[in-house]
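Undergrad: All I have is the shape, not the residue letters:
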DNA sequence: ATAGGGTTAG
């Protein structure tokens, strides 16, 4: 006897009928009985229906809470049983139709729990037409989660879920998934997709994987992204995409989460993921983390191995087995591959010492450096300003190239050109170009830009222009950066009008080209134009001859100025505030917005024009453009204030305080000391006080922090780097060479710093018992307008200290006297840990310097005099 | 779906 118990509200009626499914007034599936197999009493009756068909909501009585008890179906009589099952199935199908997915589950549970053998019979007996109608409706009404819950029962009933979904049903699923994703319910979306994946749904077809990952990354959901990626094997590539995308968005925390999550999901080590997270660390500026990840990855297995050895040391055989496995692991998986090494080196490229260590480690593991490794090494040399090392590596690579072990590529050449460009060795850069051409490697825009900037850094506009023409003739299309580089060359050489003429020519597509040509003569009369007499011999090609080329060629390529272009031009405005304002307007018309660099330059222009208020106004209005002033902006403003109105240091310090209030950390350039320092120029009062402070401070700082600390490398590359380099080069404590200080190319501030540092060293050497044996020579370089200012500044500084200074003109009597002694090599080889046996430097990188240089000369007698005077004042103080 | 090079501010 089979009973059906229906509890409606609190009243219980027992219907002794097996034909209940025809009596819809009692078993209306639109209403909400909750089915339970086990214990009717314990079931909560408060649950309202999840979906009520809207058509019935008015006509039907309000849903009552009821409970349907299905007793075990144990009748051995097959016929009636299948009959009974059929009615249950029919009923269950109707439940689906009316959106009552949970109740469907209850029925299935009942059937499963009833111990009937033919579970799949029940599945087969379901009315799929009706079921699918309910599922479609559920999908259309936005309850995909409910649908998925429903579907979870199907495999147990032997139903192939995927088979039920025809094209249009599949479209509904897709649409719903997309809706979940777009409405921000990512977690739900991933859960749904995980379930669908279990039903063998093609996950790739639901939503474009790259879109899904992009959304996860945008919403900062690393774990969900990884969970999603696991649905799309092979997942490891997608893991890397996720890590990389977080890296690109500078979200290292999420990148690391994704990395850890993906590591757990993977069996074994994925080198691709390791290198990607290392790259991400680099992008996010956390090179130290990249190192620890690398160490962890490289050595974890070794520690495990030691553990294993200890555990099994009683058995030699076990040890051998573990060792064998370990070696396998090491060979197959665990050894970082070349990509990991290259990424690690690239991320840490600013720390030459470190990457040299990595390089050696790589060699000891027997991993051969490839072209990229060498290119990264070259880049590191560039970043640390070690031309000498770069040259050594270059020689080595050439050797490897000649024996066919490597093939030097356009990156190699471009980087070495950059190394020479930075060192102002433009002629060496040109020589590399020749090497390159004879090796059959075609220079690209980057190479040409590097070449042009080599000339720019040396202040050689004509050579730069010539290279630009050469590039056009070679059929290489310049891009904005390339155009910018040439403009920068003009600005660097103070040929401001020329920069503007070029710009106008390009902008007008060549129609104003004649201006560039005819206007050239005017340059010579401009006071800002430095004398190029020294270089005139090397400008063998008259400029006018190439102008037509350029006119013809440059017009064929589109010129799209960008913000950097305008920044360079802003710099070319000198003190012309109106011109600068016009440029800013023009920028805006083109839809370009000035960035913090533009504003900093503009503040400098105000400074040159003596307009302090203007500069301060710009600083204030920066935030109106939603650009938060940075240290540099504040530094510029403060400097303008101090230098223009040197009487009033108070307001400069209030700016300084404001900056700190906004939690902008002052850097080495911007400090109370610098503020005093800038006021040197016009105010002798601070001079005496600060010279010692400066020198002490700098020497102390360099001792504290050490050069290998790469956090500070940015600073070191600034003033202190220059200073320390000069000091290291010229003033080793046991130096027996002459004291020659090269301050070519330095700004006034830098030059004074270097000279002060040198004097400090002289004092230290003297105090520790090294007598001064030589005169002090300060190399100024060819006379340009700036360098004349530098010369004056340094002369004034030395004189203020009570030193006697003589200017040496090239070719003069004093010059000839000095020349014999001051041939000191300026190549920086003191700190080299790159042994010359590894990279033979060949002919020891002669840094050729033109003979005709201006110098300042301080005799050793004068230095002596200064030292004793200084010591005297010190002893008075203490 | 994998790396590496060029311009601008103190």
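TA: Everything's here; your move. It should be emphasised that the depicted structure is a prediction, and the values quoted were computed from it without experimental measurement. Numbering: from 1, shown residues only, chains lettered A, B, ... in the order given.
Undergrad: tell me the domain ranges of chain A?
TA: As assigned by automatic domain parsing, chain A contains the domains A:1-159, A:561-679, A:684-810+A:852-877.
Undergrad: which stretches of the stretch 1-150 of chain A have low pLDDT?
TA: Counting by pLDDT under 70, the ranges of the stretch 1-150 of chain A that qualify are A:1-82, A:115-119.
Undergrad: DNA strand B versus residue A:590, what's the distance?
TA: In this view, residue A:590 and DNA strand B are 15 Å apart by C-beta to the nearest atom of the strand, to the nearest Å. For every residue, glycine as well, the C-beta is placed using N, CA and C.
Undergrad: I figured that residue hits residue A:563, correct?
TA: No. Taking C-beta atoms under 8 Å as the definition, residue A:590 is not a contact partner of residue A:563, at 9.8 Å.
Undergrad: burial count for residue A:458?
TA: By other C-beta atoms under 10 Å, 23 other residues sit near residue A:458.
Undergrad: shouldn't it be in contact with residue A:423?
TA: No. Checked against C-beta under 8 Å, the pair residue A:458 and residue A:423 is beyond contact range at 9.9 Å.
Undergrad: Okay, strands next: where are they in chain A?
TA: For chain A, the strands defined by DSSP state E occupy A:4-8, A:11-15, A:32-36, A:65-69, A:739-742, A:776-781, A:806-808, A:854-858.
Undergrad: Now for residue A:608, how many residues are close by?
TA: Residue A:608 sits with 16 neighbouring residues when counted by other C-beta under 10 Å.
Undergrad: Retrieve the pLDDT associated with it.
TA: What the model reports as pLDDT for residue A:608 is 85.
Undergrad: any idea which helix or strand of chain A has the worst average confidence?
TA: In chain A, the helix or strand scored least confidently by mean pLDDT, DSSP states H and E is strand A:11-15, which has a mean of 30.
Undergrad: List the beta-bridge partners for residue A:807.
TA: Going by DSSP bridges, residue A:807 is paired in beta bridges with residue A:856.
Undergrad: how much space between it and DNA strand B?
TA: From residue A:807 to DNA strand B the distance is 27 Å (C-beta to the nearest atom of the strand).
Undergrad: Verify the contact between that residue and residue A:799 for me.
TA: No. At 11.8 Å, residue A:807 does not count as touching residue A:799 under the criterion of C-beta under 8 Å.
Undergrad: Settle it for me: which of the two has more neighbours?
TA: residue A:807 (14 against 11).
Undergrad: Give me the pLDDT for the more buried one.
TA: Per-residue pLDDT puts residue A:807 at 86.
Undergrad: need the contact list for it.
TA: Counting by C-beta atoms under 8 Å, 6 or more residues apart in numbering, residue A:807 touches A:791, A:795, A:854-857.
Undergrad: For the stretch 551-700 of chain A, what lies in contact range of DNA strand B?
TA: A:563-565, A:567-568, A:571, A:596-597, A:600-601, A:604, A:630-632, A:635-636, A:639, A:667, A:669-670 (C-beta under 7 Å from any atom of the strand).
Undergrad: of these, buried ones?
TA: Taking 16 or more other C-beta atoms under 10 Å as the criterion, what is buried in these is A:563-565, A:567-568, A:571, A:596-597, A:600-601, A:604, A:630, A:632, A:635-636, A:639, A:669-670.
Undergrad: List the residues that contact the nearest residue to residue A:450 once chain neighbours are set aside.
TA: Nearest non-adjacent residue to residue A:450, counting by C-beta to C-beta, 6 or more residues apart in numbering: residue A:417, 4.4 Å away. The contact partners of residue A:417, taken as C-beta under 8 Å, 6+ apart, are A:429, A:432-433, A:447, A:450-451, A:454.
Undergrad: change it to 7 Å
TA: Neighbouring residues of residue A:417 by C-beta atoms under 7 Å, 6 or more residues apart in numbering: A:429, A:432, A:447, A:450-451, A:454.
Undergrad: count of neighbours near the closest residue to residue A:216 other than its chain neighbours?
TA: Distances taken as C-beta to C-beta, 6+ apart put residue A:225 closest to residue A:216, at 3.6 Å, once the chain neighbours are dropped. If you count neighbours by other C-beta under 10 Å, residue A:225 ends up with 31.
Undergrad: ok so, going back, near DNA strand B too, which of the contacts of residue A:417?
TA: Counting by C-beta under 7 Å from any atom of the strand, A:447, A:450 from the contacts of residue A:417 sit close to DNA strand B.
Undergrad: So which of the contacts of residue A:417 are in helices?
TA: Applying DSSP state H to those, the entries found in helices are A:429, A:432, A:447, A:450-451, A:454.
Undergrad: from memory residue A:258 sits against residue A:240, does it?
TA: No. Using C-beta atoms under 7 Å, residue A:258 is not in contact with residue A:240; the gap is 9.4 Å.
Undergrad: So for these two, which sits in the more crowded spot?
TA: Using other C-beta under 10 Å, the more surrounded residue of residue A:258 and residue A:240 is residue A:258, with 33 against 23.
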